[in-house]
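Colleague: What follows is a predicted protein model with its sequence.
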Amino acid sequence: MRAVVWHGKRDVRVENVFDPVIQEPGDAIIRVTSTNICGSDLHLYEVLGAFMKPGDVLGHEPMGIVEEVGADVTAISPGDRVVIPFQVCCGMCWMCEHGLQSQCETTQVREQGSGAALFGYSELYGSVPGGQAEFLRVPHAQYTHVKVPHGPADDRFVYLSDVLPTAWQAVAYADPEPEGTLLVLGLGPIGDMACRIALHRGVRQVVGVDRIDARLERARARGVTTLDLREVDDVGDAVRDLTGGRGADAVIDAVGMEAHGSPVVEVSQKVVAALPDRFAKKLMTTVGIDRLAAVQSAVDAVRRGGTISLSGVYGGMADPMPMMTLFDKQVQLRMGQANVKRWVPDILPLLTDDDPLGVDGFATHRLPLEEAPGAYADFQAKKNGMVKVVLEPGAPATQAG
Ligand SMILES: NC(=O)c1ccc[n+]([C@@H]2O[C@H](COP(=O)([O-])OP(=O)(O)OC[C@H]3O[C@@H](n4cnc5c(N)ncnc54)[C@H](O)[C@@H]3O)[C@@H](O)[C@H]2O)c1
Ligand SMILES: [Zn+2]
Ligand SMILES: [Zn+2]
């Protein structure tokens, strides 16, 4: 089959790899019809490369049609239409039963000290082959799937794999007051969707921050008050100006470890990315490597007694956090990989023809899987108005190369 394969920093290729087969009675094989590139993939493309091996298949936002199931899988059968959550989870352990599927105790990657195994997300998360491919093997398929109806286009459902539950959890953890102000840092797919969900839930004022025109415009068009990082000297001051001097009741960081605005760490990330893997891993797991510009804005802009919800991924072990300010301001901090299956029952009723969250038109680009290398480069550079790209396996390439 054809698959998007990691080869090195900023080097992904579409290649032939072996078709996946049923290995365990709990497995299923899915024929992938749509599969997205995520901001999390950009971390593997650059900073987290030390944890990848050439040949690893990327991708964790797929949906498609069930081809084959193992003997223990009774909940789905060939022909069913399914979205696959980005985490592999069993549905039966204590964590899964408590709605913490991204901490599943059956699939936890204990040798790395990590939570649940993730599709296509490096040895840190179990080296599970990913879903940017024509076919995907789904372990623990009895629970690791979301069945969706046939009929509407894939766009209606494909964001159930990651964007929707991640944004939903970000808002749930931020817990903004309806009469209050929610600040969302980063208007990529996650931040954009978090704004939409907060507005849908009736939050009075949603303020979004980014530095890319297309992203600011998209948010503005849906009723978000936007701040352009290129024009605003100090996000905290700008937010206090909008909130009678108090600050935002809740802040969502939808930026993550590659935030713009930390030139010193930017250099050290480049150094880490250029080191031989064994030194890079050692450095990342013992010292800080994250660019904390967005976290620092969050800590500054949140009001006293407010909440910060981190959905952006961070990776360093000893990043300097402003503990004194966090403590003094009595801030509540919540974070983590989204528990996909926990939020699906809340989200599914919104995926109707009325489309209150605008999922049908959410993708800015739909491209053949063969064009993944260019799509990764454009998405990283935030070029061509690219906010969310959906790849289609099996579609004929539109350009040479
Ligand atoms: N917690 C989870 O389960 C989960 C799931 C999916 C994605 N993520 C993470 O969420 C983050 C966002 O994902 P995405 O797909 O939207 O990625 P993205 O890279 O498209 O979006 C990030 C946005 O942040 C903006 N930005 C950069 N520096 C900023 C700053 N200092 N202040 C404000 N905005 C800034 C960028 O211009 C960009 O538009 C990533 O770190 C990703 O890994 C987490
Ligand atoms: Zn993702
Ligand atoms: Zn579990």
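Modeller: Sure thing, it's come through. Numbers count the residues shown, from 1 in each chain. Ligands and ions are numbered 1, 2, ... in the order given.
Colleague: right, and the helix or strand after whichever strand or helix holds residue 173?
Modeller: In this structure, residue 173 sits in helix 163-174 according to DSSP states H and E. Per DSSP H and E, the first helix or strand lying C-terminal to helix 163-174 is strand 181-185.
Colleague: Please state the offset of that following strand from the chain centre?
Modeller: Mean-position distance between strand 181-185 and its chain equals 18 Å (Cα atoms, centre = their mean, to the nearest Å).
Colleague: That strand and ligand 1 in contact?
Modeller: Yes. Under the criterion of Cβ under 6 Å from any ligand atom, ligand 1 is reached by strand 181-185 at residue 185. Quick note: C-beta positions are derived from backbone N, CA and C, even for glycine.
Colleague: mean confidence score for the helix or strand just after that strand?
Modeller: Next helix or strand after strand 181-185 toward the C-terminus (DSSP H and E): helix 189-200. The average pLDDT for helix 189-200 rounds to 98.
Colleague: Identify the residues contacting residue 309.
Modeller: Shown in contact with residue 309 (Cβ atoms under 8 Å, 6 or more residues apart in numbering): 170, 171, 173, 174, 250, 251, 252, 253, 334, 335.
Colleague: Mind listing the residues bridging to it?
Modeller: Beta bridges link residue 309 to residue 252, residue 334, judged by DSSP bridges.
Colleague: Any figure for the gap between it and ligand 3?
Modeller: Noted for residue 309: a distance of 23 Å to ligand 3, by Cβ to the ion, to the nearest Å.
Colleague: Same question for residue 368.
Modeller: 35 Å.
Colleague: what number of residues lie near that residue?
Modeller: Residue 368 sits with 18 neighbouring residues when counted by other Cβ atoms under 10 Å.
Colleague: Surely it is in contact with residue 389?
Modeller: No. Judged on Cβ atoms under 8 Å, residue 368 makes no contact with residue 389 at a distance of 11.1 Å.
Colleague: what angle do the helix holding residue 173 and strand 181-185 make?
Modeller: 130 degrees (axes from the mean of the first three to the mean of the last three Cα atoms, to 10 degrees).
Colleague: Tell me what angle helix 163-174 forms with helix 189-200.
Modeller: 60 degrees.
Colleague: Check whether helix 163-174 comes near ligand 2.
Modeller: No. Using Cβ under 5 Å from the ion, helix 163-174 stays clear of ligand 2, with a minimum separation of 6.9 Å.
Colleague: nearest residue to the closest residue to ligand 3 within the stretch 251-400 of the chain other than its sequence neighbours?
Modeller: For the stretch 251-400 of the chain and ligand 3, the shortest gap (Cβ to the ion) falls at residue 341, measuring 9.7 Å. Distance criterion Cβ to Cβ, 6 or more residues apart in numbering; nearest residue to residue 341, sequence neighbours excluded, is residue 101 at 5.0 Å.
Colleague: Please list all residues in contact with that neighbour.
Modeller: For residue 101, the contact set (Cβ under 8 Å, 6+ apart) comprises 85, 87, 89, 91, 95, 116, 339, 340, 341, 342.
Colleague: Now list the buried members of those.
Modeller: Neighbour-count burial (16 or more other Cβ atoms under 10 Å) applied to the contacts of residue 101 gives 85, 87, 89, 95, 116, 339, 340, 341, 342.
Colleague: right, and the fifth one touches residue 110 too?
Modeller: No. Residue 116 is beyond contact range of residue 110, at 11.1 Å (criterion: Cβ under 8 Å).
Colleague: What's the local residue count around the residue in the stretch 101-250 of the chain that ligand 2 sits nearest to?
Modeller: The nearest approach of the stretch 101-250 of the chain to ligand 2 comes at residue 162, 3.6 Å away (Cβ to the ion). Neighbour count of residue 162, defined by other Cβ under 10 Å: 29.
Colleague: Let me see the contact set for it.
Modeller: Residue 162 is in contact with 36, 38, 40, 60, 61, 85, 86, 338, 340, counting by Cβ under 8 Å, 6+ apart.
Colleague: want to throw the residues you listed into JSON lines with pLDDT?
Modeller: Below are those laid out as JSON lines (pLDDT from 0 to 100):
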{"residue": "36", "pLDDT": "98"}
{"residue": "38", "pLDDT": "97"}
{"residue": "40", "pLDDT": "95"}
{"residue": "60", "pLDDT": "98"}
{"residue": "61", "pLDDT": "98"}
{"residue": "85", "pLDDT": "98"}
{"residue": "86", "pLDDT": "98"}
{"residue": "338", "pLDDT": "98"}
{"residue": "340", "pLDDT": "98"}
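Colleague: Make TSV out of the residues you listed and add distance to residue 326 and secondary structure.
Modeller: Below are the contacts of residue 162 laid out as TSV (distance: Cβ to Cβ, whole Å; DSSP: H, G, I helix; E, B strand; the rest coil):
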residue	distance to residue 326	secondary structure
36	33	strand
38	28	coil
40	25	helix
60	31	coil
61	32	coil
85	31	coil
86	29	coil
338	23	coil
340	28	helix
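Colleague: quick check, nearest of these to residue 222?
Modeller: Closest approach to residue 222 among the contacts of residue 162 (Cβ to Cβ): residue 36, at 20.0 Å.
Colleague: which one is that closest one nearest to, not counting chain neighbours?
Modeller: residue 61 is the one closest to residue 36 (Cβ to Cβ, 6+ apart), at 3.8 Å.
Colleague: For ligand 2, what's its nearest residue on the chain.
Modeller: Residue nearest to ligand 2 within the chain (Cβ to the ion): residue 38, separated by 2.7 Å.
Colleague: contacting residues for that residue?
Modeller: Neighbouring residues of residue 38 by Cβ under 8 Å, 6+ apart: 60, 61, 86, 162, 163, 189.
Colleague: Give me the local confidence score for the spatially closest residue to residue 10 that is not a sequence neighbour.
Modeller: Distance criterion Cβ to Cβ, 6+ apart; nearest residue to residue 10, sequence neighbours excluded, is residue 45 at 6.0 Å. pLDDT, residue 45: 95.
Colleague: and if you look at residue 262?
Modeller: 63.
Colleague: Then residue 149?
Modeller: At residue 149, pLDDT is 98.
Colleague: residues touching it, list them.
Modeller: If a contact means Cβ under 8 Å, 6+ apart, then residue 149 has residue 81 as its contacts.
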